[in-house]
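Peer 1: here's a sequence, model it:
(one chain, ligands or ions: 1)
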Amino acid sequence: MAVKRIVLFGAPGAGKGTQAQWLCDALDLAHLSTGDMLRAAVAQATPVGLKAKSYMEGGKLVPDDVVVGVVVEAIAKAVKEMPNGYALDGFPRTLPQAEALREMLAQRNENINLVILINTADEVVLERLTQRRSCSDPKCGAVYNLKSKPPKKEGVCDVCGKAVIQRNDDKPETIRVRQQQYRRDTQPLVAYYKQAGVLVDLPGGGSIYEVAGRILEAVSKMRH
Ligand code: AP5
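Peer 2: Numbering: from 1, shown residues only. Okay, the predicted model is just below:
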């Protein structure tokens with residue numbers, strides 16, 4: 001199998017994490033979620049976590065230099081441990097991040113071979129985020145939805161048995177800030193990756209399985 005370097009892209013709540021998890025399990029790829037990495041760093045109060053905490057709680061983007069440092073490390077580890085490649089979930093989110101990623105990969109004669117835009121209507125995204133619940137243990141990170149994917153036992157994680165909670169940044173006022181940040185800083189990357197010829201724009205509506213089917217089809221057609 002050719003090495004896959006994929007970006008899952010979309011608004012907060014579009015379904016990036018859900019689809020990345022599934023795709024990485026199916027294709028044996030490393031799942032590199034900057035949200036998960038930063039939440040773990042905050043929980044452990046590492047230097048990165050201390051820098052990121054207040055931005056995340058307010059729904060704001062963490063500064064580029066902090067996030068790029070985290071991703072450089074994660075990609076270096078993934079390249080050693082996961083020969084099939086990786087899927088980035090939640091990165092890049094700004095033009096400087098996209099440029100840093102391009103430069104980092106160019107040093108190895110590599111590039112991103114597919115960017116999947118999970119294009120989900122605003123009202124659907126809002127509904128998904130308000131119904132989302134997450135495992136309280138950042139090392140587990142399992143994601144649920146009270147409507148579409150409830151835990152088997154109410155309030156308890158199916159995977160690790162810890163409590164299932166609502167993420168702090170899934171409160172309505174913080175969701176609004178995250179959506180504004182997406183429109184202002186992240187959406188311009190759609191044109192950036194379209195121009196690079198690697199963007200696939202897929203509808204994010206329908207069930208988790210329907211979206212997964214569209215993604216798998218796009219991955220099977222990707223150029224290497
Ligand atoms: P992050 O955790 O990446 O948050 P996000 O981008 O806002 O994405 P979400 O995790 O909210 O949504 P998702 O698209 O993964 O949707 P999910 O699959 O969970 O980042 C959090 C914070 O970290 C940021 O605000 C920022 O502060 C910081 N950060 C992270 N990366 C950064 C970066 N690169 N630069 C700067 N700062 C950064 O699905 C949502 C819900 O819908 C779930 O309940 C799920 O079960 C359900 N669902 C999914 N698909 C479907 C479907 N098809 N049908 C029905 N339900 C569905």
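Peer 1: show me what from the protein comes close to the ligand.
Peer 2: Counting by C-beta under 6 Å from any ligand atom, the chain comes close to the ligand at 10, 12-18, 34-35, 38, 55-56, 59-62, 67, 90-91, 93, 97, 128-129, 131-132, 143, 145, 148-149, 169, 178, 206-208, 211. Using the backbone N, CA and C atoms, a C-beta is placed for each residue, glycine as well.
Peer 1: tell me which of those residues fall in strands.
Peer 2: When DSSP state E defines the strands, the subset of the residues of the chain next to the ligand inside them is Arg132, Val143, Asn145.
Peer 1: any chance of those residues in a markdown table, plus pLDDT?
Peer 2: Formatted as a markdown table, those follow (pLDDT from 0 to 100):
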| residue | pLDDT |
| --- | --- |
| Arg132 | 95 |
| Val143 | 93 |
| Asn145 | 95 |
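Peer 1: now the residue of the chain found nearest the ligand: closest residue in space that isn't a chain neighbour?
Peer 2: Per C-beta to the nearest ligand atom, Gly35 is where the chain lies closest to the ligand, at 2.1 Å. Nearest residue to Gly35, sequence neighbours excluded (C-beta to C-beta, 6 or more residues apart in numbering): Gly90, at 4.8 Å.
Peer 1: residues touching Leu105, list them.
Peer 2: Residues near Leu105 by C-beta atoms under 8 Å, 6 or more residues apart in numbering: Arg5, Asn111, Ile112.
Peer 1: list the residues that contact Ile118.
Peer 2: By C-beta under 8 Å, 6+ apart, the contact list for Ile118 reads Leu8, Phe9, Gly10, Ala14, Gly15, Lys16, Gln19, Leu202, Gly204, Val211, Ile215.
Peer 1: Lys80: which of these is nearest?
Peer 2: Set against Lys80, the nearest of the contacts of Ile118 by C-beta to C-beta is Leu8 (21.9 Å).
Peer 1: before we move on, the earlier item: quick check: the farthest pair among the contacts of Ile118?
Peer 2: Maximum distance among those (C-beta to C-beta): 13.3 Å, for Phe9 and Val211.
Peer 1: which one of those two is surrounded by more residues?
Peer 2: More neighbours surround Phe9 than the other of Phe9 and Val211, with 26 against 22 (other C-beta atoms under 10 Å).
Peer 1: shouldn't the more buried one be in contact with Ile112?
Peer 2: No. Phe9 lies out of contact with Ile112 (C-beta atoms under 8 Å); the separation is 10.4 Å.
Peer 1: what touches both of the two?
Peer 2: Tyr193.
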